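Student: Show me how the following folds:
(2 chains)
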There are 2 protein chains.
Amino acid sequence: MKPDYVHGYSSAEDARLMDQASTLTELLHCDTTYPPDSLVLEAGCGVGAQTVTLAAQSPQAAFVSVEISPHSLAQAKARVEARGLTNVTFREADIVSLPFDGDHFDHVFVCFVLEHLASPEKALAELRRVLKPEGSITVIEGDHGSAYFYPDSVAAHRAIQCLVDLQRRAGGDALIGRRLYPLLVRAGARDVRVSPRMVYVEASRPLRVDGFIRKTFTAMVEGVGEQVIRESLMDEDAWRKGIRDLYRTAERDGTFCYTFFKAVGVK
Amino acid sequence: MKPDYVHGYSSAEDARLMDQASTLTELLHCDTTYPPDSLVLEAGCGVGAQTVTLAAQSPQAAFVSVEISPHSLAQAKARVEARGLTNVTFREADIVSLPFDGDHFDHVFVCFVLEHLASPEKALAELRRVLKPEGSITVIEGDHGSAYFYPDSVAAHRAIQCLVDLQRRAGGDALIGRRLYPLLVRAGARDVRVSPRMVYVEASRPLRVDGFIRKTFTAMVEGVGEQVIRESLMDEDAWRKGIRDLYRTAERDGTFCYTFFKAVGVK
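Tutor: Next up is the predicted model:
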C-alpha cells in the first residue's frame, strides 16, 4: 500500500471508485477502443474501476494492467474475473520504473493516476519509453478547481481546497486536468488533443445527482474530513457546513459542474 | 444609456463584443434556428452582435430585437443593414416592461442580458407573458466563476473577482450561468434543458487563444481596471499582475477554460 494516496484504501473508498466509474464510464471512455491484437498498457489500474470498461470495449485487444498496491491489484483482478473478461493480465509495478523493454506497447492508457504523483513528468517519460513509435497515449484526469455549483458556498470551496492542499502535500496535483496539454507536449508527445468532459448535473438528471454530486464528488471531499479536522486545516463547524453545502447542491434547485480532461497524444 | 452596465458603452467595448460574437458564434448559436414565418423576440439585442447571426441562420423567421439603450440599438440596426438582412425590426424597450400584448411571440431569445439585471426573475416573467403557449425561450449566459487556467494565479482570480463584485454592485450576477436551470424552472418554464458550452483554449487552437483569451475574456476584465484602481478594490500592482497573468495563459504552454450556459425551456 502507498500510504500517501490521498483518498486512502478503505472499502468505502473502493465503493466510491466503482460508483464514480459507472456514472462516468460513458462520458470518459466511450471513445476509447483499441484495435484487435494490439497490446495496451493500463498504468495504475487501481481497483480495476476502469479496467473492466477498457477490456470490455476492446475485447480483441490484450491489456497489461499494472498497479503499485498489491491490495488494489488483487481487487482489480477479482473484478475482471467476475466479469468473465480474459484479455487482461495484471502485474505489480511502479509507473516510474516499469518492468518492460522499450517500445513494447502499442498503446498506453492512464486514468486518475498522474494527479497523485510528485513527478508526472517522470511517469510520462517512462510511459513514453515503453510505448512503440506511432503508438498513442491516453491520459484522463480530473481538476478539482473546475468544481462550481449553485447555491454557491465559500465553505464548500474551502472544503474542496483542503483536499487540493492535502493532495499537494502528498506530492500530487488535484488541478492537473488543466495542464495535461503542456505536460504531454513537454513529454515529447505529438498531435496532442485534449477534450474536456464536463459533468453538468441538475435535478432533471437524477441519476447524475446521486451518482456524481453525492456519491462521487462530495464523498471524495468528505473522505479527507478526519484528516482536515485532526490537522486543523479548517474549523470543524466550517468544514461541516462546507460538506453540507456540497450536499445541498444535490437538491431540486441545485446545479453542479465538474470537468475531467482527456488527452491523447502520439509517440 | 444605462449607466450601470458594468462593461460600459465605449467603442473599444463594441469591438470586444464583436470579437466575442465571431469567436463564439458557432459554439453558442449553431443549434438555434427558427421555423419559417415564426415571430421571434430578441430581448436585449445590445449592439447586434448576436442579432446578425440569429437573423442569418433563420432567414425566413421574423425577428423583433429590443434594447433599452438607443445608442446600442442604432448600432445594431446599422450592423443588420450592413449585412443586408431584412428580417429584423428594432424597438427601444425595457425587458421588464415590454410594449407587446401577451402571447405575442412564437419564441423568445435572450443572450448576455440576465446577468446584468437586478431581477432576472422579473425579466423572465415578462418574457413569459409575451410568449405564446408552447413557444420556446432560449437563454444564454456566461459564468465568470467558471474561468480557470494554467498557469494558475491568485492575482488573476482576484482580478476576475473584482469584475464579479462590480457586476453585483450594479445589481447583476456574473455567476448566473450555473443557475439558469432553477431560474427557468421557477419562472414556470417546462422541459428545461441546459447545455453548458465550454470554451477550452490552448496553443493548438491559436485563433481561440487570440479571440477568446486575449480579445474576449482578458479584455473584458481589463475593461474595469480604472474603476478597480479608482475604488481601491485591488492594489494597483496586484491588479496589473492579475491582468498580466491572464495574458500569460495565452502563451504556448498555457490553457484557459470558460463555460457558457445555454438553456431552452417551453411555456
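
Student: just for the stretch 151-267 of chain A, where's the confidence low?
Tutor: Filtered on pLDDT under 70, the stretch 151-267 of chain A yields no residues whatsoever.

Student: Residues of it that sit close to chain B?
Tutor: Contact residues (C-beta under 8 Å from any C-beta of the partner chain) of the stretch 151-267 of chain A with chain B: A:152, A:175, A:178-179, A:181-182, A:185-186, A:192-196, A:198, A:200, A:202-204, A:253-255, A:257, A:259. All C-beta atoms are positioned from the backbone trio N, CA, C, and that covers glycine.

Student: what's the spacing between the strand or helix carrying A:F109 and its chain's center?
Tutor: A:F109 belongs to strand A:105-111 when assigned by DSSP states H and E. Averaging C-alpha positions (C-alpha atoms, centre = their mean, to the nearest Å) puts strand A:105-111 14 Å from its chain's average.

Student: Tell me the strands beside that strand, with direction?
Tutor: Note on strand A:105-111: by DSSP bridges, its sheet partners are strand A:39-43 (parallel), strand A:131-141 (parallel).

Student: Let me see the residues that make contact with it.
Tutor: Contacts to strand A:105-111, defined as C-beta atoms under 8 Å, 6 or more residues apart in numbering or on different chains, come from residues A:28, A:32, A:34-35, A:38-44, A:50, A:54, A:64, A:95, A:123, A:127, A:130-132, A:135-141.

Student: Just the buried ones out of the residues you listed, please.
Tutor: Buried members of the contacts of strand A:105-111, scored by 16 or more other C-beta atoms under 10 Å in any protein chain shown, are A:28, A:32, A:34, A:38, A:40-44, A:50, A:54, A:64, A:95, A:123, A:127, A:130-132, A:135-141.

Student: returning to that earlier point: now do the helix or strand following the strand holding A:F109 against strand A:131-141, angle only.
Tutor: Once the chain leaves strand A:105-111, the next helix or strand it forms, by DSSP H and E, is helix A:120-130. Per axes from the mean of the first three to the mean of the last three C-alpha atoms, to 10 degrees, the angle that helix A:120-130 makes with strand A:131-141 is 140 degrees.

Student: rewinding a little: can you list the strands paired with strand A:105-111 in TSV and add mean pLDDT?
Tutor: Putting the strands paired with strand A:105-111 into TSV (pLDDT from 0 to 100) gives the following:
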stretch	mean pLDDT
strand A:39-43	98
strand A:131-141	98
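
Student: For those strands, give me a markdown table that also has distance to B:V221.
Tutor: Listed next are the strands paired with strand A:105-111 as a markdown table, based on distance: least, C-beta to C-beta, whole Å:
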| stretch | distance to B:V221 |
| --- | --- |
| strand A:39-43 | 39 |
| strand A:131-141 | 27 |
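
Student: okay, which residue is most central for chain A?
Tutor: The centroid of chain A falls nearest to A:F112 when counting by C-alpha atoms, centre = their mean (2.2 Å).

Student: From A:E236, how far off is A:R230?
Tutor: Distance of A:R230 to A:E236, computed by C-beta to C-beta, to the nearest Å: 10 Å.

Student: Ok, A:T53 next?
Tutor: A:T53 sits 38 Å away from A:E236, going by C-beta to C-beta.

Student: In terms of neighbours, single out the busier of those two.
Tutor: A:T53 (21 against 11; other C-beta atoms under 10 Å in any protein chain shown).

Student: re the thing from before, I figured the residue nearest to the centre of chain A hits A:A43, correct?
Tutor: No. Between A:F112 and A:A43 there is no contact under C-beta atoms under 8 Å: 11.1 Å.

Student: How are the strands of the stretch 51-200 of chain A distributed by residue range?
Tutor: Taking DSSP state E, counting those that start in this stretch, the strands of the stretch 51-200 of chain A run over residues A:62-67, A:88-92, A:105-111, A:131-141, A:148-150, A:190-202.

Student: Tell me how many other residues surround A:R129.
Tutor: Residues near A:R129, counting by other C-beta under 10 Å: 14.

Student: same thing with A:F100?
Tutor: For A:F100, the count of nearby residues is 16 (other C-beta under 10 Å).

Student: just the one 4 residues further on next, same as before
Tutor: Burial of A:H104, expressed as a neighbour count using other C-beta under 10 Å, amounts to 16.

Student: just checking, it touches A:R128?
Tutor: No. If you go by C-beta under 8 Å, A:H104 and A:R128 don't touch, sitting 11.6 Å apart.
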